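S.K.: next comes the sequence, and after it the predicted model I'd like to discuss.
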Amino acid sequence: MRYEESTSQLYEGFNAFYRCFVAEPQRGVVVDVHGFCEHSGRYADFGRFLAENGFTFCMYGLRGHGRSAGNDDRGSSGTSSCSSGT
């Protein structure tokens with residue numbers, strides 16, 4: 001298994017962070033998108049599990065989440081039901 005992380009420039013100069021757990025040899029590829037109030041790092045254990053079983057796993061961070069958030073990328077939605085303890 002090989003781990004990779006980097007950024008990819010998208011529209012309007014937005015840099016999306018992504019991480020991949022690359023299986024060697026590879027049987028297939030799984031691409032996932034995290035949910036609300038999350039970031040791709042929360043799926044690291046799952047990514048390692050898939051890669052160890054032959055499936056490359058890649059995720060990118062949505063704008064305003066985790067390492068995809070720049071100084072001006074984090075919006076405010078007022079109060080949230082997101083738990084700060086997770």
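M.R.: The structure has been received and is ready for your questions.

S.K.: tell me where this protein has helices.
M.R.: For the chain, the helices defined by DSSP state H cover 44-52.

S.K.: now do the strands in it.
M.R.: Listed in chain order, the strands found in the chain under DSSP state E are 2-9, 15-22, 28-33, 55-60.

S.K.: the third one pairs with which strands, and in what direction?
M.R.: The pairing partners recorded for strand 28-33 under DSSP bridges are strand 55-60 (parallel).

S.K.: can you list contacts of the strand it pairs with?
M.R.: Strand 55-60 is contacted by residues 8, 16-23, 26-34, 40, 43, 46-47, 50-51, 68 when judged by CB atoms under 8 Å, 6 or more residues apart in numbering. All C-beta atoms are positioned from the backbone trio N, CA, C, and that covers glycine.

S.K.: please tell me how far the most centrally placed residue in the chain sits from Phe57.
M.R.: Central residue of the chain (CA atoms, centre = their mean): Ser40, 2.8 Å from the mean position. Separation of Ser40 from Phe57 (CB to CB, to the nearest Å): 10 Å.

S.K.: low-scoring stretches of this protein, by residue?
M.R.: By pLDDT under 70, the low-scoring segments of the chain are 64-86.

S.K.: hmm, 50 instead?
M.R.: For the chain, applying pLDDT under 50 flags the ranges 73, 76-79, 86.

S.K.: quick one: end-to-end distance for stretch 28-45.
M.R.: Stretch 28-45 has an end-to-end distance of 18 Å (CA to CA, to the nearest Å).

S.K.: correction: stretch 22-37
M.R.: 26 Å.

S.K.: ok now it, how far from the chain's centre?
M.R.: Mean-position distance between stretch 22-37 and its chain equals 10 Å (CA atoms, centre = their mean, to the nearest Å).

S.K.: so Ser6 bridges to which residues?
M.R.: Here Ser6, judged by DSSP bridges, has bridge partners Tyr18.

S.K.: Val30 now?
M.R.: Beta-bridge partners recorded for Val30 (DSSP bridges): Phe57.

S.K.: surely it touches Leu50?
M.R.: Yes. Taking contacts as CB atoms under 8 Å, Val30 lies within contact range of Leu50: 5.9 Å.
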